[in-house]
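1. can't give you the sequence, but here's the structure:
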DNA sequence: ACATTTCTGATTTACGTACCTCAAGAATTA
DNA sequence: TAATTCTTGAGGTACGTAAATCAGAAATGT
């Protein structure tokens, strides 16, 4: 039988009320008595029954998700996953609020973080922008005892408790490794299509990509980075131009969004002349492109996993419980046309 | 506020006892009354508070894991993950028992399944052997209302409720896709190292591998399959022999266990002359081999995820709840040296 | 030794559900 | 009509914890 508070009281020779005071850090217990109780807790191996505790407290975890009001497939999907989690809320004793802020707008994000503080929830999840003001706002929340988790994009050196997202440097390195092998004995030019170098995840992907390519595949030449601001039309124009200018362009790494434009440009090229292409995020269009051979590999982060992981971690932090690191690691999915889900 | 049984009683104009009878399928309720209650439940959107229900019932879920007493790294790791779950048992209101059976021994597995029936748990998880006797035993358990989940290796066309493992055909296809690209313009010979063609997952991996290779990379010749019975020494001898006989051997797909032997044989070859190698399961030795370039890619199934998923599904089935398919999909991890966890 | 403050015990109610008993009413059968 | 069964209501206890009240006991200060 699992030990209960009653057992602790009996073993420690104190009353239930005292046990309760110790367990919940309430005042009014002498040091000696507190130690007696703690010894009993340890010797019994007592673990609080969270289900019963939450029932008694009538507790519902309140979490706020701050999401960029972006219109690319990935962010839309992320929003949908949060909404799906809201649907499950009553069952899971959680209440989730979504706050939308303009994309890439640090001041707006800071304002949203500060607004959250006025009616403080148990935890906050945000797609971070790597900027001092954001860091400060996050620190303030953490100091107020609110659990903070970054999703998709991290906030380095900040007080956030957890990051639910992929290692973007590793993603870039992986892309380079695949690209180098896909090109194989052929030395040629590789182009990189990015959203913006202002965004941390894009910078990191590029960093990882370039370092592995120069280390392990020095025969490959890299063209200047094309910045398309995650915009399909801009991407299309840039890629079309690059394909025309560089006949030896036999590899493209698209590390941002806006892949629809990339795909349109690629489809204008005869299949046997197409470069090896590696892109990010599995969406409707990248999936189609994988299947018809326009794209060779897609690196993906599972938005559903990120959201569910963020919620699990926020819950654990709110309860002061440890997190299962292995379970919460967000993996870099590599999709070829043969292992599509 | 979430609706409770009291709300149902009030709305339906019946007593709490009647609501309880309807909710728990107890007898003694007229059809008309039952309908009134069910209408109230639907209109309120009532969902039973599982935490409170389990508390009241004093319920602990009892699950039995039937695992092969295999000594390869993967199965040892799987066992460890189940043990880790047992550690968490008290918190999760579960009690997990492990039953070990000799590996690849269908009669022993059948006996274990039948023995389980004598003190029936709420659910059973097993590493299936694809055999009629096993299928029959599983069907008997399912008929007795016990949730059955296969782990790692599935039981096709059986009554099992769920399979927590990877799609092995897709894994083989993925390996072939990677292999074809790693070989690139070079046409040559590819060798396949398997454990045993008696095991379903190995057969399926081979099937997927061969079909993609012949479809998409017809210039690649495939040597006869080497069966090493998941034994390191046997694998070492077979691979060494193949490397000696076929100078043009520039690809090896190892779809079973016993990779230590494979790696030993490969290390005798000068690095620049080594074939492209794709293996299964990330273990200490395959990780080392990835890092030093002996192996190029490792396909992996995360044993921890499989175990946790199996438990979640067993719980859901025991409660008659739906499972989140997206969450329970076990993914084929592709590891290169750059995205190792 | 007194008042005062700080601890501690005993007891109670509550959370939402399960499950039990007892009694009374309704419907059915003999 | 009486006897019998079937339905339903009313009420209670339990699960393990939280949180509150109130009354004593112990420690502290004066």
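-> Received, thanks. As the structure is a prediction and not an experimental result, all values here were calculated from the model.

2. from here on, contacts and neighbour counts on C-alpha atoms
-> Will do.

3. return the set of buried residues in the helix or strand of chain A with the lowest mean pLDDT.
-> Of all helical and strand segments in chain A, the minimum by mean pLDDT, DSSP states H and E falls on helix A:89-92, at a mean of 82. Within helix A:89-92, the residues scored as buried using 16 or more other Cα atoms under 10 Å in any protein chain shown are A:89-90.

4. after that helix, next one along is what?
-> Counting by DSSP states H and E, the next helix or strand C-terminal to helix A:89-92 is strand A:94-101.

5. that next one close to DNA strand C?
-> No: if you take Cα under 7 Å from any atom of the strand as the test, strand A:94-101 misses DNA strand C, and the best it gets is 13.4 Å.

6. which outside residues touch the least confident helix or strand of chain A?
-> A:95-96, B:2, B:47, B:49-50 (Cα atoms under 8 Å, 6 or more residues apart in numbering or on different chains).

7. among these, which pair sits farthest apart?
-> The most widely separated members of the contacts of helix A:89-92, counting by Cα to Cα, are A:96 and B:50 (19.7 Å).

8. who's more crowded, the two?
-> residue A:96 (23 against 13; other Cα atoms under 10 Å in any protein chain shown).

9. picking up where we left off before, in the contacts of helix A:89-92, which has the lowest confidence score?
-> The member of those with the lowest pLDDT is residue B:2, at 85.

10. which one of the contacts of helix A:89-92 sits closest to residue A:258?
-> Of the contacts of helix A:89-92, the one sitting nearest to residue A:258 (Cα to Cα) turns out to be residue A:96, at 29.3 Å.

11. the closest one - nearest residue in space that isn't next to it in sequence?
-> Nearest residue to residue A:96, sequence neighbours excluded (Cα to Cα, 6 or more residues apart in numbering or on different chains): residue A:63, at 4.9 Å.

12. give me the distance between that neighbour and chain B.
-> For residue A:63, the distance to chain B (Cα to the nearest Cα, to the nearest Å) stands at 17 Å.

13. that residue - that's part of a strand, no?
-> Yes: assessed with DSSP: H, G, I helix; E, B strand; the rest coil, residue A:63 lies in a strand.

14. can you pull the contacts of it?
-> Residues near residue A:63 by Cα under 8 Å, 6+ apart: A:94-97, A:121-125, A:314.

15. mind putting those into CSV with distance to residue A:241?
-> CSV is the format used below for the contacts of residue A:63 (distance: Cα to Cα, whole Å):
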residue, distance to residue A:241
A:94, 50
A:95, 49
A:96, 45
A:97, 44
A:121, 49
A:122, 50
A:123, 47
A:124, 43
A:125, 40
A:314, 46
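
16. most neighbours among the residues you listed, which one is it?
-> When those are compared by neighbour count (other Cα under 10 Å), residue A:124 ends up highest, at 29 neighbours.

17. that residue - that's part of a strand, no?
-> Yes: assessed with three-state DSSP, residue A:124 lies in a strand.

18. which ones are touching it?
-> A:63-66, A:146-149, A:314.

19. mind checking pLDDT for it?
-> Value listed for residue A:124 in the pLDDT field: 96.

20. quick one: it from residue A:147, how far?
-> Distance of residue A:124 to residue A:147, computed by Cα to Cα, to the nearest Å: 6 Å.
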